[in-house]
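Here's a sequence, model it:
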Amino acid sequence: MEFCIMDIKKNFGKKLKQLRLEKGYSQEKLANLAELDRTYIPSIEKGDRNVSITVIEKLAMALNIKISKFFE
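This next block holds a predicted model:
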């Protein structure tokens, strides 16, 4: 079970990075737009964080996308 949890965190992080780069945002810019600490974005992108739905919503709003885009 632990393996699956690690996979989803890493996959979410990769997708976040992809979407962030598509917008041309730095990690710091995304953190500012999402009102998150600037050190939080790199740890999400590496798959180190178990991100809450609240943070996912903040990231989606900052990227101006639907939440579902993270899971395509």
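
Okay, buried residues for stretch 53-64 please.
Ile56, Lys58, Leu59, Ala60, Ala62, Leu63 (16 or more other CB atoms under 10 Å). For every residue, glycine as well, the C-beta is placed using N, CA and C.

From the chain's centroid, how far away is that stretch?
8 Å (CA atoms, centre = their mean, to the nearest Å).

quick one: contacts for the closest residue to Leu59 other than its chain neighbours?
Closest residue in space to Leu59, ignoring its immediate chain neighbours: Ala34 at 5.3 Å, by CB to CB, 6 or more residues apart in numbering. Neighbouring residues of Ala34 by CB atoms under 8 Å, 6 or more residues apart in numbering: Ile41, Val55, Lys58, Leu59, Met61, Ala62.

let's see it at 7 Å
By CB atoms under 7 Å, 6 or more residues apart in numbering, Ala34 lies in contact with Lys58, Leu59, Ala62.

can you redo those residues as JSON lines with secondary structure, pLDDT and distance to Arg20?
Below are these laid out as JSON lines (DSSP: H, G, I helix; E, B strand; the rest coil; pLDDT from 0 to 100; distance: CB to CB, whole Å):
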{"residue": "Lys58", "secondary structure": "helix", "pLDDT": "98", "distance to Arg20": "13"}
{"residue": "Leu59", "secondary structure": "helix", "pLDDT": "98", "distance to Arg20": "9"}
{"residue": "Ala62", "secondary structure": "helix", "pLDDT": "98", "distance to Arg20": "9"}
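
Nearest to Phe71 among those?
Relative to Phe71, the closest of these is Leu59; by CB to CB it sits at 12.5 Å.
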